[in-house]
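In: here is my input, please return the structure:
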Amino acid sequence: MSDILKPVTHNKPMPKTAKLMQVTYLVILILLLLAPVMGLYPVFVMKLLCFALFACAFNLLLGFTGLLSFGHAAFFGSAAYITGYLIKSQNFTPELGIVGGVIGAGMIGLVVGLVAIRRQGIYFAMITLAMAQMVYFACLQAPFTGGEDGLQGVPRGALFGLLSLQSDTAMYYLVVAVFVAGFLAVSRIVHSPFGQVLKMIRENEPRAISLGYQVDRYKLLAFVLSSALAGLAGSLKTLIMGFATLSDVHWTMSGEVILMTLLGGVGTFFGPVMGAGIVISLQDTLADKVGSLVNVIIGAIFVLCVMAFRKGIVGELLAFREQLRHRGAKL
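Out: Numbering: from 1, shown residues only. Alright, predicted model coming up:
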C-alpha cells in the first residue's frame with residue numbers, strides 16, 4: 001500500500017486532547033442545528049451530509065480495514081434506486097423506503113464481498129469495480145429504474161405517516177439526525193473489539209491469522225457494514241433530491257468518494273467529512289461558472305493537496321499535533 005493510502009496512526013490521545021475533540025464535535029453539531037437559522041441553504045447542507053456519510057462508510061473499509069474498493073457507488077446508487085422505487089411505486093413511508101435501501105445495499109455488499117475478499121490489493125479493487133459495473137448495467141436495464149432517465153419525482157412523504165417531510169427544514173433535521181447516528185455508529189464500530197481486530201488485519205494480516213482470527217469473516221462483515229452505511233447515504237440522497245439517476249451508480253461516483261476520503265485523511269474520523277465538504281462545496285460553487293471543467297479543477301486541487309498533505313488535511317493536523325506533544329514531552 002502506497003504512502004497516500006496508509007491510514008493515519010497515532011497513539012491514544014491524551015485526556016486533554018480527547019476533551020478538545022469532544023468539544024469540537026459538539027460545536028460542529030450546534031452549528032449544524034443552527035445552519036437553517038444562519039441562512040445556509042438547507043438542501044446544500046443536506047447533500048453535503050449525505051456525501052459525508054458516504055465517505056465515512058468508505059473510510060470504515062479503507063481507513064480501518066485496509067481494503068480499497070473501486071465500486072462503492074454500487075451500494076450508494078442501488079440503495080438510491082431501491083428507496084425511490086419503494087416510496088414512489090409501492091407507496092412505502094420514508095423510513096421503510098430507507099430501511100429497504102439499506103438492506104438492499106447490504107445484501108449486494110454481501111454478494112460482492114463474498115467474491116472480492118478472496119483477493120487482496122489491486123485484485124480486490126478491480127473485482128469490486130467489475131461487480132459495480134454489473135450493478136450499473138442492471139440499473140440501466142431494469143424495468144423499474146427508468147433507464148437513462150432514472151427515477152424522477154420521488155415524494156418525500158411523511159415520516160411514520162405523521163411528520164411531513166415536504167418542508168426542507170423538517171427534512172434537514174432528519175438528515176442531521178441520521179448523519180450523527182451514522183457517524184457515531186462508525187466510531188462505535190472502530191472502538192469496539194471488532195474494530196481493533198480490523199486494525200490488526202490492516203496493519204499485519206499474517207499475524208492476525210497466526211493468532212487464530214478468521215480474517216475473511218472480519219473482512220466480509222466490515223465490507224457489508226460499509227456497504228449498508230453507503231446505502232443509507234444513497235437512500236437519504238434520493239429522499240432529499242427526489243430522484244435517483246445512473247450517475248449515482250456510475251464508477252465516477254466511486255472515484256469521488258475515494259477523492260473525498262484521501263483529501264480529508266484516511267483513517268481519521270473527521271477527515272472524510274471535511275473532504276466531502278470541500279469537494280461538494282467546490283462542485284456547487286464552480287459548476288455554474290466553469291461547467292465540466294470543475295472536475296479538472298478539483299483534480300488539480302487534489303494533486304496539490306496530495307503533494308503538500310500526504311496524509312490528508314486532518315491527517316496532517318493530527319500528525320503535527322503529535323509532533324508538538326512529543327516536543328513538549330522532551331522539554
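
In: next up, the contacts around residue 309.
Out: Shown in contact with residue 309 (CB atoms under 8 Å, 6 or more residues apart in numbering): 315, 316. For every residue, glycine as well, the C-beta is placed using N, CA and C.

In: give me phi/psi at it?
Out: Phi and psi for residue 309, reported as degrees, to the nearest 10, are phi -130, psi 80.

In: how close does the residue lying closest to residue 224 once chain neighbours are set aside sit to residue 56?
Out: Nearest residue to residue 224, sequence neighbours excluded (CB to CB, 6 or more residues apart in numbering): residue 109, at 4.7 Å. Per CB to CB, to the nearest Å, residue 109 is found 15 Å from residue 56.

In: quick one, helices of the chain?
Out: 15-34, 42-65, 73-88, 94-116, 121-141, 168-191, 193-203, 205-210, 215-241, 251-264, 271-290, 293-308, 313-330 (DSSP state H).

In: quick check: mean pLDDT across the last one?
Out: With pLDDT averaged residue by residue, helix 313-330 scores 76.

In: what's the angle from that helix to helix 42-65?
Out: Relative orientation of helix 313-330 versus helix 42-65 (axes from the mean of the first three to the mean of the last three CA atoms, to 10 degrees): 60 degrees.

In: tell me the pLDDT at residue 259?
Out: pLDDT, residue 259: 90.

In: that one contacts residue 275, doesn't it?
Out: Yes. Residue 259 is within contact range of residue 275, at 7.2 Å (criterion: CB atoms under 8 Å).

In: of the two, who's got more company?
Out: The neighbour count for residue 259 versus residue 275, taken as other CB atoms under 10 Å, is higher for residue 275 (31 against 21).

In: for the residue nearest to the more buried one when sequence neighbours are not counted, what are its contacts?
Out: Using CB to CB, 6+ apart and skipping the chain neighbours, the partner closest in space to residue 275 is residue 264 (2.9 Å). Contacts for residue 264 (CB under 8 Å, 6+ apart) come out as 55, 270-276, 278, 312-315.

In: mind checking how far residue 264 is from residue 135?
Out: Noted for residue 264: a distance of 26 Å to residue 135, by CB to CB.

In: point out where the chain drops to low pLDDT.
Out: Counting by pLDDT under 70, the chain has low-confidence residues at 1-18, 328-331.

In: rewinding a little: determine which two of the contacts of residue 264 are furthest apart.
Out: Spatial extent of the contacts of residue 264 (CB to CB) is set by the pair 276 and 315 at 15.2 Å.

In: higher neighbour count, those two?
Out: Using other CB under 10 Å, the more surrounded residue of residue 276 and residue 315 is residue 276, with 28 against 24.

In: is it correct that the more buried one is in contact with residue 52?
Out: Yes. Contact criterion CB under 8 Å: residue 276 and residue 52 qualify, at 4.1 Å.

In: quick check: closest non-adjacent residue to residue 129.
Out: Nearest to residue 129 is residue 70, by CB to CB, 6+ apart, at 3.8 Å.

In: which residues are in contact with the one you found?
Out: If a contact means CB under 8 Å, 6+ apart, then residue 70 has 125, 126, 128, 129, 132, 251, 254, 258 as its contacts.

In: so what does it have for phi and psi?
Out: Note on residue 70: its backbone torsions stand at phi -100, psi 10 [degrees, to the nearest 10].

In: buried sites along stretch 99-115?
Out: 99, 100, 101, 102, 104, 105, 106, 107, 108, 109, 112, 113 (16 or more other CB atoms under 10 Å).

In: circling back: quick one, which of the helices of the chain is packed in tightest?
Out: helix 73-88 (a mean of 30; mean count of other CB atoms under 10 Å).

In: now that helix against helix 42-65, angle please.
Out: Relative orientation of helix 73-88 versus helix 42-65 (the same axes, to 10 degrees): 140 degrees.

In: and the angle for helix 73-88 with helix 215-241?
Out: In this structure, helix 73-88 runs at an angle of 50 degrees to helix 215-241, with the same axes, to 10 degrees as the basis.

In: could you export helix 73-88 as CSV, CA atoms only?
Out: The C-alpha trace of helix 73-88 is given here as CSV (Å, rounded to 0.1, in the frame of the first residue of the first chain):
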residue,chain,number,x,y,z
ALA,A,73,-21.0,3.6,-5.9
ALA,A,74,-22.9,0.3,-6.5
PHE,A,75,-24.1,0.4,-2.9
PHE,A,76,-24.8,4.1,-2.8
GLY,A,77,-26.7,4.0,-6.1
SER,A,78,-28.6,0.7,-5.7
ALA,A,79,-29.9,1.9,-2.4
ALA,A,80,-31.0,5.2,-4.0
TYR,A,81,-32.9,3.3,-6.7
ILE,A,82,-34.5,0.8,-4.2
THR,A,83,-35.6,3.6,-1.9
GLY,A,84,-37.0,5.6,-4.8
TYR,A,85,-38.9,2.7,-6.2
LEU,A,86,-40.4,1.6,-2.8
ILE,A,87,-41.6,5.1,-2.0
LYS,A,88,-42.8,6.1,-5.4
